[in-house]
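> Got a predicted structure here, sequence first:
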Amino acid sequence: MVDDNGRDSEGNSNKTDLKKKASIRSALKIIMVLICASTFLYSAYSLYIIGSEYKKGTDEYKDLQKYIEKLPTDSKSTKASKIDFDSLKAINSDIVAWIYFESTGIDYPIVKGIDNNFYLKHTFKKEENKAGSIFMDYENNSQFKDLHTMIYGHNLKNSSMFSVLMKYKDKAFYVSNPYFWIYTPNGDLKCEIFSCYITRSTSESYNKGFSSRDEYDKFLKTLKKNSIYDTGVEVTVDDKVLSLSTCTNSDKDDRIIVHAKVLKQ
């Protein structure tokens, strides 16, 4: 219809609707921008908190370096006697050893708790921190007398703790870093890596008790067979095995595990 002034009332109505729709779109855009900005700020804040927590943990472990001297890398090492385990035990009586890789950054005390949960979120000084600790399975013998000893640590985004284990997927990295050392109050253990692969957290790779030599032999053969690549290192039922485990951060139940045999000293 056209009014006395020649205006189309329906046309005016359409213009009003278009303006309302434009206003709604503008409001939605503003809301989306605010949501994105809030999400970004929250994520940035979360990363800052996590980063600060990781740094606090890293600083603590750096401070512990004053209780050791530079560790040697030969099989005749007696360096354990020069690590100040007495002072470390005064800080935390749960310490059982010190783990050291020559050039990978793994250089930490090993603790053992009453379960496998506490040290997932507590540092060596028992401070609550997502960086956690490097710790021995609570069911293992503290003096490394078991046939198979498990040691755990986190795979952190700042490349600390056990994150370097992921590099063992590359055989070239293994070739350059085939050994690590465990220093204890009672002597040093040189460990030769013989297998590396990704497995589930519930796999048989974490078995620690064996009823017979045949069962242990079968276990060792499985570890060798599972390896991503052939290391050429032989392992027998007369050997003790030390395994290092960490998350892959790709699946909550996936783990990368590195197996090593303890060389005769």
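In hand now; what should we look at?
> can we go C-alpha only for contacts and neighbour counts from here?
Fine.
> And the pLDDT at S23?
With respect to pLDDT, S23 scores 72.
> and it, helix, strand or coil?
When classified by DSSP: H, G, I helix; E, B strand; the rest coil, S23 comes out as helix.
> Numbering from 4 from now on, please.
Sounds good: first residue 4 from here, last item S26.
> I'd like to know how many residues surround it.
For S26, the neighbour count with other Cα atoms under 10 Å is 12.
> Do a quick rundown of the strands in this protein.
98-103, 110-114, 137-139, 151-155, 182-187, 190-203, 244-250, 257-265 (DSSP state E).
> average model confidence for the second one?
If you average the pLDDT over strand 110-114, you get 96.
> Off-centre distance for it?
The chain centre lies 13 Å from the centre of strand 110-114; the measure is Cα atoms, centre = their mean, to the nearest Å.
> if I look at S90, how far off is T126?
16 Å (Cα to Cα, to the nearest Å).
> which one of the two has more residues nearby?
Legend: neighbour count by other Cα under 10 Å for S90 and T126, higher for T126 (22 against 12).
> so what's that one up against?
Each residue near T126 by Cα atoms under 8 Å, 6 or more residues apart in numbering is listed here: 60, 132, 134-136.
> and if we set it to 10 Å?
59-61, 63-64, 114, 132-137 (Cα atoms under 10 Å, 6 or more residues apart in numbering).
> gap between stretch 66-73 and the chain center?
Computed by Cα atoms, centre = their mean, the chain-centroid distance of stretch 66-73 equals 22 Å.
> Same question for stretch 132-145.
Worked out by Cα atoms, centre = their mean, stretch 132-145 lies 12 Å from the chain centre.
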